[in-house]
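Novice: coords below, sequence missing:
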């Protein structure tokens, strides 16, 4: 009887411990990569030392124009989900200042992703988020830096999200990158890139990866100490540098003007006219596209890899 009672007590204790682990709001795994171990349970939003004057209230960007057709096969349902509460429950992955794009990128990973070890696959359930922040600028439109030399985050514009799951990725067809699915949201939870349009996200990752690989942008930072860093300054300024948003969104020019788009990012884009009058084809990082406008009119364009990216060229006589 005593032996049975002892075994019963052990089983009950194990069950209680397991329940506590399941209900814990945040738990640092035993094996945490160095980049996330420094952060520990500190959340994504708790980096005010990097951008001390950031706005606390996220504002919703202007509504997007009418949707464009999906670029290729993609999931028909959202299996990612808007990451409610990620600011408290995700760990910091990296912070990158992009003065050339007037943007700060903040990337975070959930606990499962944080448990990954170098050289090992990321576990199912891993989620990565990249915030896109507009930054404070002066009266000349130049970015303002804080006392530490970093850009000042002012408005959260986008949440790019990727999740790994069993059976994920097949819907992308030849653009598949492992068991990952992708999406993008506005801060209010509405779609920036809906599931049906996320083929472009997978295709962008596939340009740098394979059908089976776990591939992350700036993965070299994932297993290294995380600090705020700064991208190189831009070279001679082109008309429209971009990263998920065309800046400026509207350009006014005269007939005969040549407009240059410059890909200053690490991912691929296209410059595609809504009326089919011009198309850059895939632009790799560092590439440029030029187009001369010989007729007056309003020309709307987008990136087929990132359907939420829209811009307008207004040509006058």
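Specialist: Great, that's in hand. Owing to the predicted nature of the structure, the values given are computational and were not obtained by experimental measurement. Numbers count the residues shown, from 1 in each chain.

Novice: quick one, phi/psi of the closest residue in space to residue 84 that isn't next to it in sequence?
Specialist: Once flanking residues are discounted, residue 84 sits nearest to residue 189: 7.9 Å by Cβ to Cβ, 6 or more residues apart in numbering. C-beta coordinates here come from the backbone N, C-alpha and C atoms, glycine included. Here is the backbone geometry of residue 189 (degrees, to the nearest 10): phi 100, psi -10.

Novice: Pull up the distance across stretch 174-186, start to finish.
Specialist: 28 Å (Cα to Cα, to the nearest Å).

Novice: ok, what's across the strand from residue 164?
Specialist: Beta bridges link residue 164 to residue 180, judged by DSSP bridges.

Novice: re earlier: residue 125 versus the residue nearest to residue 84, what's the distance?
Specialist: Noted for residue 189: a distance of 21 Å to residue 125, by Cβ to Cβ, to the nearest Å.

Novice: Over to residue 143?
Specialist: Distance, residue 143 to residue 125, using Cβ to Cβ: 37 Å.

Novice: More neighbours: which of the two?
Specialist: residue 143 (18 against 14; other Cβ atoms under 10 Å).

Novice: wait, that one sits on residue 102?
Specialist: Yes: taking contacts as Cβ atoms under 8 Å, residue 143 lies within contact range of residue 102: 5.4 Å.

Novice: and for those two, which residues touch both?
Specialist: 135, 137, 151 (Cβ atoms under 8 Å, 6 or more residues apart in numbering).

Novice: out of the residues you listed, who has the most neighbours?
Specialist: Highest count within the shared contacts of residue 143 and residue 102 by other Cβ under 10 Å belongs to residue 151, 27 neighbours.

Novice: contacting residues for that residue?
Specialist: 51, 97-99, 102-104, 135-136, 143-145.

Novice: Also residue 286?
Specialist: 263-264.

Novice: Going through the contacts of residue 151, which ones are buried?
Specialist: 51, 97-99, 102-104, 135-136, 143 (16 or more other Cβ atoms under 10 Å).

Novice: In strands, which of these fall?
Specialist: Using DSSP state E, the members of the buried ones among the contacts of residue 151 that fall within strands are 97-98, 103-104, 135.

Novice: Put together TSV for the residues you listed, with pLDDT on each row.
Specialist: Listed next are these as TSV, based on pLDDT from 0 to 100:
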residue	pLDDT
97	83
98	80
103	87
104	88
135	91
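
Novice: Going along the chain, name the helices of the protein.
Specialist: Ranges of helices within the chain are 2-23, 34-37, 86-89, 111-114, 199-206, based on DSSP state H.

Novice: Now stretch 186-193: average pLDDT?
Specialist: For stretch 186-193, mean pLDDT rounds to 90.

Novice: List the buried residues of that stretch.
Specialist: In stretch 186-193, counting by 16+ other Cβ under 10 Å, buried: 186-187, 191-193.

Novice: For this structure, which element, helix or strand, carries the lowest mean pLDDT?
Specialist: helix 34-37 (a mean of 36; mean pLDDT, DSSP states H and E).

Novice: sorry, back to before: now flag whichever of the ones in strands among the buried ones among the contacts of residue 151 is closest to residue 254.
Specialist: residue 103 (29.3 Å; Cβ to Cβ).

Novice: That closest one bridge partners, please.
Specialist: With DSSP bridges as the rule, residue 103 is bridged to residue 98, residue 134.

Novice: one step back: export the ones in strands among the buried ones among the contacts of residue 151 to a markdown table and append columns for distance to residue 264.
Specialist: Shown next, in a markdown table, are these (distance: Cβ to Cβ, whole Å):
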| residue | distance to residue 264 |
| --- | --- |
| 97 | 13 |
| 98 | 8 |
| 103 | 10 |
| 104 | 15 |
| 135 | 15 |
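
Novice: of those residues, closest to residue 296?
Specialist: Nearest to residue 296 out of those is residue 103 (Cβ to Cβ; 32.2 Å).

Novice: pretty sure that closest one contacts residue 136?
Specialist: No: between residue 103 and residue 136 there is no contact under Cβ under 8 Å: 11.6 Å.

Novice: Let me see the ranges of the strands in the stretch 201-317 of the chain.
Specialist: Assigned strands in the stretch 201-317 of the chain, in chain order: 228-230, 240-242, 250-254, 258-263, 272-273, 288-292, 297-303, 306-316 (criterion: DSSP state E, counting those that start in this stretch).
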